[in-house]
Structure formats: structure tokens, C-alpha cells
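Novice: Quick one: sequence plus predicted model below, questions after.
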Amino acid sequence: MKLRILHHDNCFDGASSAALFSRFYREMVNPQAEICYTGLTHKSEKQFNECLFDGDENVIVDFKYSPSPRLTWWFDHHKSAFLTKEDEDHFRQDQSGKKFVNPEFKSCTKFIATTLAERFNFKVNGLSELIYWADIIDGAQYPDARSAVEMKESAMRLTLLIESNREPGLLQQIIRELAVRPLADLASEYCTGERFKKLWAQHERAIRLINERAITDRGVVFFDLSDVDVEGYNKFIPYFLHPECVYTVSVLSTPMRAKVSVGSNPWNQSRRTHNLAEICERYGGGGHAQVAAISFPTCDLESAKKAARQIVEELQDA
Ligand SMILES: [Mn+2]
């Protein structure tokens, strides 16, 4: 019997959600299940290929809904949880009692833990640290921008690894271990040596590039990294460099997509007046009210740049 877990890729909360659901499934549904993991990334075109759902049971965690009849469980906490109105209607008619969404939760991990406790009487042992940190990290509940960028804690070092990882096998191994081992153990095994040195150098390079390129005006930091090989950056760097800013808009280009990221300063939320998920939905993207993104085909970088310019103007007019 095979369980396929589809989780938000390159995301601490996505990995933690997958680990937590694995524990639930083993302890409450089927101890013998073979559990397989697949990371999902937002795409500009067809999001779900039916062949993704190759398990006897298939679950999506921390990612958009799919109306596939092969999907048996679903948990998400994103404001933009549905690709289309039809998908939302499909979800509203669901009778399985195994599909859940609640954008009030800061992390999907906490949402899954709460839902499984309430609905299935599942009490997980030994994962309170994981749930606590998923909520801190996905909810951007760091005390300040400096600690969010210095990444000293085990959970944050693992976040740096998970967010920049390009080896699916390594992430699957980490998810299996997140389900059963303390974070400090994992960090001391995986976040050391040459691999971590390389990640840390990339992180420092991103800080340097953002510092060089950031243009700040009327509360918005804008930077374009589409001409350099940067596939991601710690999203708190702009507020570490420009603590007075309320919003960030950036453009990246990766082999998979051109990406516009739109964020708001977690330490300046009182000045945030826009719902960033709603803005990004207008361009075919989505996310949370505080942080959202849009994916374009790699060949259409111009549209990404144009959308970024328009969003900068909209946010400046606040
Ligand atoms: Mn999440």
C-alpha cells in the first residue's frame, strides 16, 4: 500500500507538514504504508499532472487544491488555495471529511496538527519543536530582521538548506528524519561542511547583490536579479538592509520560471494596507496576504518585469 505525499517544495513548512502527516498516517491509518514524497513548485501553466497522484492514497500539504478524484487528503493555509473558481466549488462539495483549508493559520504544520487532533483525535509525540518552528518560520515571527538573516538556530539553518536544495533525494531523506529526530541533530548532520559552506556563500552573495541593486522609494524596495544566477534569497534580507520599508518587489529568473515575489515587512505590518495575495492573483499568482508571488514562463521575462513595475507603482501609491 503506497501513500504519496505532495508537499510545497523548498519550504520548511512544506517539509514539516509532510513529516507530520507521515507520522499520522503510520500511527493512525496504516503502519505498513510505503510513503513517497514529491515536492510541488508553482508553475505558470498546468499545475497538476494526473500521474503525480500515483499512490493508493494521495495527499497534498501546504499547496493548492486539486479536483483530481485520486486526491484523498488535502491541507492548505494559503489565501490563494484554489487555482480556479471551479476548483473551489469542487472543494465545497467534498464529502470525504479529509480535505481542509484555513488561511488563519501561520503554518500548515500547525494547521495539520490542530485539525488531526480535533477530527481524528491524533496526539503526536515529540514534534512540538517542529510545529513551533514551522509557525515561527512560515509566519515570519522572528524577533527582528537581523535574527531572520543571521539564521543561527537549527531550524533556520535547515531552512536555508531546504529552500536552496536542488536534490529531491536529500529533501526526502530530511523529511523522513524531521518526523522522528530533534532539529539540532539534523542541523549538526546536514548543515555543516562543504555543502553548508556553499549555501552560506550563496546567502552572503544574495545579501551583497540585493544591497547593490535595491531601489527604495515611498516605502517599497525593488530589485531585479533576473540577469544573475540567483534562484532564491532569504526574503528578510530587504528589511534587514532597509528596515524603514513596508514592501518588497523582486524579479528572479530560474531555469523553471521567471518569478515576481511580493512581500511585506514583518516588523512593519501596521503600515501594510494591501492584500498581496489578491494583487498577485490578478496576474495569475497567489500566496498569503503578507507575502505572495507570480510565476511566468522562463521565456516571458518581459511580462514578469512589467508586472513587477506595475505592482511597485500600486504599492507606492498607498
Ligand atoms: Mn506554508
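Specialist: Thanks, I have it. Numbers count the residues shown, from 1 in each chain.
Novice: Give me the domain ranges for the protein.
Specialist: The record's domain split for the chain, according to automatic domain parsing, is 2-190, 213-316.
Novice: Can you say which of these is nearest to Phe196?
Specialist: domain 2-190 (7.1 Å; CB to CB). Placement of C-beta: from N, CA and C, glycine included.
Novice: Give me the number of neighbouring residues for Ala33.
Specialist: For Ala33, the neighbour count with other CB atoms under 10 Å is 16.
Novice: Can you tell me, leaving aside adjacent residues, what's nearest to it?
Specialist: The shortest distance from Ala33 to any non-neighbouring residue, by CB to CB, 6 or more residues apart in numbering, is to Leu3 (4.7 Å).
Novice: Are we agreed that that neighbour is in a strand?
Specialist: Yes: judged by DSSP: H, G, I helix; E, B strand; the rest coil, Leu3 forms part of a strand.
Novice: Would you mind measuring from it to Arg176?
Specialist: Per CB to CB, to the nearest Å, Leu3 is found 13 Å from Arg176.
Novice: which residues do those two both contact?
Specialist: Residues touching both Leu3 and Arg176 (CB atoms under 8 Å, 6 or more residues apart in numbering): Ser22.
Novice: out of these two, which sits in the busier spot?
Specialist: In this view Leu3 and Arg176 are compared by other CB under 10 Å, and Leu3 has more residues nearby, 22 against 15.
Novice: Which residues are in contact with that one?
Specialist: Residues near Leu3 by CB under 8 Å, 6+ apart: Ser22, Tyr25, Asn30, Ala33, Glu34, Ile35, Cys36, Gly55, Asp56, Glu57, Asn58, Val59.
Novice: Of those residues, keep whichever come out buried.
Specialist: Among the contacts of Leu3, those classed as buried by 16 or more other CB atoms under 10 Å are Ser22, Tyr25, Ala33, Ile35, Gly55, Glu57, Asn58, Val59.
Novice: Quick check: pLDDT value at the third one.
Specialist: On pLDDT, Ala33 comes in at 97.
Novice: With the first one instead?
Specialist: In the prediction, the pLDDT value recorded for Ser22 is 98.
Novice: quick one: it and Ile174, what's the gap?
Specialist: Counting by CB to CB, the gap from Ser22 to Ile174 is 12 Å.
Novice: could I get the domains of the chain as JSON lines with distance to the ion?
Specialist: Putting the domains of the chain into JSON lines (distance: least, CB to the ion, whole Å) gives the following:
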{"stretch": "domain 2-190", "distance to the ion": "4"}
{"stretch": "domain 213-316", "distance to the ion": "8"}
